[in-house]
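>>> I need the structure of the sequence given here:
(chains A and B)
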Amino acid sequence: MDILANLAIGFGVALSPYTLFLAICGCFLGTIIGALPGLGPSNGVAILIPITFTLGLDATSALVLMTSVYYGAMYGGRISSILLNIPGDEPALMTTLDGYPMAKQGRAGDALVLSGVASFVGALLATIGLMLLAPTLARVAFYFGPAEYFALYLLAFCTLGGMASNNQAKAALAACIGLGIAMIGVDSSSGLPRLTGGNLHLYDGIDFLVAIVGLFAIAEVFFFIESHGKGSSIGVKLEKVTIPWKDIMATKWTMLRASGVGFIAGILPGAGASLGSFLAYMTEKSIAGPNGGFGTGAPKGIAAPEAGNNSAAGGALVPMLTLGVPGSGTTAVLLALLMTLNITPGPTLFTERADVVWGLIASLLIANFVLLLMNVPMVKIFVKILMVPAWVLLPGVTMISFVGIYSLSGSYFDLLLMIGFGVLGYFLRKLDVPTVPVILGILLGGNMEDALRRAMTLSDGDPMYLFSSPIAIGFWIAAIAGFVAPMFLRGLLKKPAAHED
Amino acid sequence: MTKRFFKALMTSAVLSVGIAGGATAAECIAPANPGGGWDFTCRQIGKILFDIGAVDKPVQVTNMPGAGGGLAYGNVVNERSSDEDLIVAASSATTTRLAQNAYAGMTADQVRFVGAIGADPGVIVVAADSPYQSLGDLVEAIKAEPGSVAFAGGSAVGGFDHLKPLMILKEGGFTDITKVKYIGVDGGADAITQTVGGFTQAMTGDMSEVVSFLSNGDIRVIAVLTDERVPGFEDIPTAKEQGYDVVAVNWRGLYVPKDISDAKFDEWAGKLQQVADSPEWAQAMKDNGLAPFTKVGGDFQSYVDGLVADIASMSKELGVTQ
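Okay, the predicted model is just below:
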């Protein structure tokens, strides 16, 4: 009853025409920000923060606007993943794996609608989870020390091998390149710079957005130049958008499972939406087995990461609101916004500022429905933004990439770095080395290293510390199984392939 | 079709122009992204300067993140060393990094520190069920067995949060500071999570980071590192009254380029004093968990010089100086 009463207060706040208007604006802007490669949710939200100050918004309105942008960007990221094979933002990375192949088969509309519905399911379940479980789930973070985090990241990397199924060695090589790049910057455990060559610009490490935009968008431009504009892979045709009921029904359990996995990944501080979509994809892939067609345009391969990353986005709000510990890059920016609005997130926020929290939850629910409407029947509007002839689109993508990256740091150095990554991406693709593990290495490598270093500090260098809790041991077993199983299963599962599907 | 596309382009262009803006008025550089402590310093001080009429035009805030403030520092030192209309947000982190040579060879004497007007008091925190009841208990435990207590804090190894317990231990007669375990995590809240979870035994951080955890009973603050007890938190004892004469606060202040005239330097110091005396600033401090800490002009410059020398010698001992 408490929850219903609180929710009523929340809807009272959120349903005022002004707040509703902000939510709709936020959803629209967010979807565009998400869809444009280079402008991800975290820098999108960061760029919009000054606007909330200029508009003189009060705490609730500012929060409503920013979280609608956040949710909107989570929806929007998939559009360019599916149509251009360029992830609109980092969590949409996994959606390229099946979304783009599906679009190439002429089913772009189906892929967009299916992923929109999956996003909706993930985000809705996560918002409900946030509402019901936030105060309880906040305690989960207390069970995660350095050893547990290390094992969790290890799990992510151990399952990487199975991702580029054609050649595990190349996937491992790509992951190592990513891990190597993650080492650049000031080492947080000693404060000393590594691999920076004395260049101040490298002290903060390499922003993964720079890497993503370089490896995907800029590399694509190089391919376009090479082919003189003919036969570029970019620009999938989108005909009629119909609702693929069959696919939606077939993936309903996938969506539910992926939402659960994503939500939990979101709750863990530091793991975030990228890990959520990754784990959701890998879980579904291993459930489906080698004959599930993952990587070739399987509906489940689209539904899983989208449900996963949207529910992780909701999950990430749990530690941010209850502990003040951001669960992802974007929530870190949102946290900063809260602090400037004189709201200190923490265990007491739910009781002391009930109007803010429940207003936020209610507007998330509203934003979610608005987004479903925008992204399913009206998806063509967003698609048209991206569906222009390649000779217009590519310079546009390049320009947006440059503007987006420049707005991150205001330094031309990042632009040079981005071009460098473009060249790297071009050669990696020529050599048939997958680029997704590179990004994951950059994204998670630093965190994994930090966790290991902290564990070693606490235990005086005793490696057994890493196996000191049931949670950590559970992750280790899952990681070893995830690494070893594909090697054996491949041999076993090839024979009885006849009766599959 | 292309029309929509250009609309999208315009959107992104407008968005990015929004943060740059033109500049004829005084400019405040926040050497970090919007939202952090330095950004807060620039926006609050800039706003109050204009509201109380100390400047004619609203102060432009420019965010220049990178290298923990090093990029902005380099920019001021190398390119704008005589810009009289420039102020830059600074805090203990700025002086700590300068003392540890973390700004690629640049030193604290390449700018002028004009003043601090508020500070976030340092605190030492344990979990509610911790056996350590006072700072003395904690120090004795470390003296008996240095590995028995691990600290978690929001700054990197060698950062200000790491130095706080080391200053206390030195004061308590424990000199082998390299033996003290410290892990740097992502911010104060994360450090509290690790401490409440039992992975570390104590948390070192700022008052503002722990306030929201105080009322729900997960943690106990065993010492605040100020001269006197902090208003509003009278039940938290200072380290000083427990016999450890350590004052460590994360001050919020400004520096200005080196080559501006003394008259201009004094003018900025005077304006900062005006902000410190204003009711607007008193309210901003209250809302953000800051305690009064006003030092301006030459007084502040000599405080900073002393701080830099102290941190430099301790950092050398820890082996974190580059």
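>>> mind listing what B:Val59 touches?
Listed by CB atoms under 8 Å, 6 or more residues apart in numbering or on different chains, the contact set of B:Val59 reads B:Ala25, B:Ala26, B:Glu27, B:Cys28, B:Cys42, B:Ile45, B:Gly46, B:Lys47, B:Leu49, B:Phe50, B:Ile87. From N, CA and C alone the C-beta is placed, and that goes for glycine too.
>>> From A:Gly404, how far out is the second one?
So that's B:Ala26. Separation of B:Ala26 from A:Gly404 (CB to CB, to the nearest Å): 30 Å.
>>> and what of the first one?
Between B:Ala25 and A:Gly404 the distance, using CB to CB, works out to 28 Å.
>>> hmm, back to that, could I get the contacts of B:Val59 as a markdown table with pLDDT and distance to chain A?
Formatted as a markdown table, the contacts of B:Val59 follow (pLDDT from 0 to 100; distance: CB to the nearest CB, whole Å):
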| residue | pLDDT | distance to chain A |
| --- | --- | --- |
| B:Ala25 | 76 | 16 |
| B:Ala26 | 87 | 18 |
| B:Glu27 | 90 | 14 |
| B:Cys28 | 91 | 14 |
| B:Cys42 | 89 | 11 |
| B:Ile45 | 90 | 14 |
| B:Gly46 | 88 | 11 |
| B:Lys47 | 87 | 10 |
| B:Leu49 | 90 | 16 |
| B:Phe50 | 88 | 14 |
| B:Ile87 | 93 | 18 |
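>>> Could you report the neighbour count for residue 55?
As the question left the chain open, I've gone with chain A. Using other CB atoms under 10 Å in any protein chain shown, A:Leu55 is surrounded by 11 other residues.
>>> ah, no, chain B please
Neighbourhood size, B:Val55 [other CB under 10 Å]: 15.
>>> doesn't A:Leu394 make contact with A:Phe224?
Yes. If you go by CB atoms under 8 Å, A:Phe224 and A:Leu394 touch, sitting 5.2 Å apart.
>>> contacting residues around residue 65?
In the absence of a named chain, chain A is used. A:Leu65 neighbours (CB under 8 Å, 6+ apart): A:Leu22, A:Ala23, A:Cys25, A:Gly26, A:Leu48, A:Thr52, A:Leu57.
>>> not what I meant, chain B
By CB under 8 Å, 6+ apart, the neighbours of B:Pro65 are A:Asp204, A:Ser409, B:Pro31, B:Ala32, B:Asn33, B:Leu71.
>>> So which of B:Ala26 and A:Gly404 has more stuff around it?
Neighbour totals were compared for B:Ala26 and A:Gly404, and A:Gly404 leads with 26 against 22 (other CB under 10 Å).
>>> returning to that earlier point: the contacts of B:Val59 into CSV, with extra columns for secondary structure?
CSV is the format used below for the contacts of B:Val59 (DSSP: H, G, I helix; E, B strand; the rest coil):
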residue, secondary structure
B:Ala25, coil
B:Ala26, coil
B:Glu27, strand
B:Cys28, strand
B:Cys42, helix
B:Ile45, helix
B:Gly46, helix
B:Lys47, helix
B:Leu49, helix
B:Phe50, helix
B:Ile87, strand
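>>> Can you say which of those are buried?
Buried members of the contacts of B:Val59, scored by 16 or more other CB atoms under 10 Å in any protein chain shown, are B:Ala26, B:Glu27, B:Cys28, B:Cys42, B:Ile45, B:Gly46, B:Lys47, B:Leu49, B:Phe50, B:Ile87.
>>> Around chain A, which positions in the stretch 151-300 of chain B sit nearby?
Residues of the stretch 151-300 of chain B lying near chain A by CB under 8 Å from any CB of the partner chain: B:156-159, B:181-187, B:189-190, B:192-194, B:196-200, B:208-209, B:211-213, B:215-216, B:218, B:287-289.
>>> Let's see that with 7 Å instead.
Neighbours of chain A within the stretch 151-300 of chain B, by CB under 7 Å from any CB of the partner chain: B:156-159, B:181, B:183-184, B:186, B:189-190, B:193-194, B:196-197, B:199-200, B:211-213, B:215-216, B:218, B:287-288.
>>> tell me which residues in the helix or strand harbouring B:Leu71 are buried?
Per DSSP states H and E, B:Leu71 falls inside helix B:70-79. Applying a neighbour-count criterion of 16+ other CB under 10 Å, one finds B:Gly70, B:Leu71, B:Ala72, B:Tyr73, B:Gly74, B:Asn75, B:Val76, B:Val77 buried in helix B:70-79.
>>> what about A:Leu83, which SS state?
A:Leu83 ends up helix, using three-state DSSP.
>>> Confirm for me that it is in contact with A:Ala103.
Yes. In this structure, A:Leu83 is within contact of A:Ala103 by CB atoms under 7 Å, at 6.0 Å.
>>> In a helix, B:Gly232, correct?
No. Under three-state DSSP, B:Gly232 sits outside any helix and is assigned coil.
>>> Run a quick neighbour tally on residue 119.
With no chain named, the answer covers chain A. Per other CB under 10 Å, the neighbour tally for A:Ser119 reads 32.
>>> wrong chain, I was asking about chain B
Each residue near B:Ala119 was counted by other CB under 10 Å, and the total is 25.
>>> CA-only coordinates of the strand or helix carrying it, as PDB, when you get a sec.
Here B:Ala119 sits within strand B:111-127, counting by DSSP H and E. C-alpha atoms of strand B:111-127 as PDB (Å, rounded to 0.1, in the frame of the first residue of the first chain):
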ATOM      1  CA  VAL B 111      50.300  30.600 -10.600                       C
ATOM      2  CA  ARG B 112      49.100  32.700  -7.600                       C
ATOM      3  CA  PHE B 113      46.700  31.200  -5.100                       C
ATOM      4  CA  VAL B 114      44.200  33.900  -4.400                       C
ATOM      5  CA  GLY B 115      42.000  32.400  -1.700                       C
ATOM      6  CA  ALA B 116      39.900  29.700  -0.300                       C
ATOM      7  CA  ILE B 117      36.400  30.400   1.100                       C
ATOM      8  CA  GLY B 118      35.000  27.100   2.500                       C
ATOM      9  CA  ALA B 119      36.200  23.600   3.100                       C
ATOM     10  CA  ASP B 120      35.000  20.100   3.300                       C
ATOM     11  CA  PRO B 121      36.400  18.700   6.500                       C
ATOM     12  CA  GLY B 122      38.300  15.400   6.400                       C
ATOM     13  CA  VAL B 123      36.800  12.500   8.300                       C
ATOM     14  CA  ILE B 124      37.800   9.000   9.400                       C
ATOM     15  CA  VAL B 125      34.800   6.600   9.400                       C
ATOM     16  CA  VAL B 126      34.300   3.000  10.500                       C
ATOM     17  CA  ALA B 127      31.400   0.600  10.100                       C
END
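>>> Quick one: distance of it to the chain centre.
Centre-to-centre, strand B:111-127 and its host chain are 5 Å apart (CA atoms, centre = their mean, to the nearest Å).
>>> Quick one: name whatever helix or strand follows it.
Assigned by DSSP H and E, the successor of strand B:111-127 is helix B:135-144.
>>> how about that next one: buried residues?
By neighbour count on 16+ other CB under 10 Å, the buried set for helix B:135-144 is B:Leu135, B:Asp137, B:Leu138, B:Val139, B:Ala141, B:Ile142.
>>> so what secondary structure elements neighbour the longest helix along chain A?
If you go by DSSP state H, chain A has its longest helix at helix A:108-137. Applying 3 or more CB pairs under 7 Å, 6 or more residues apart in numbering or on different chains; DSSP states H and E, one finds that helix A:108-137 contacts helix A:59-84, helix A:95-102, helix A:245-250, helix A:252-267, helix A:299-323, helix A:354-375.
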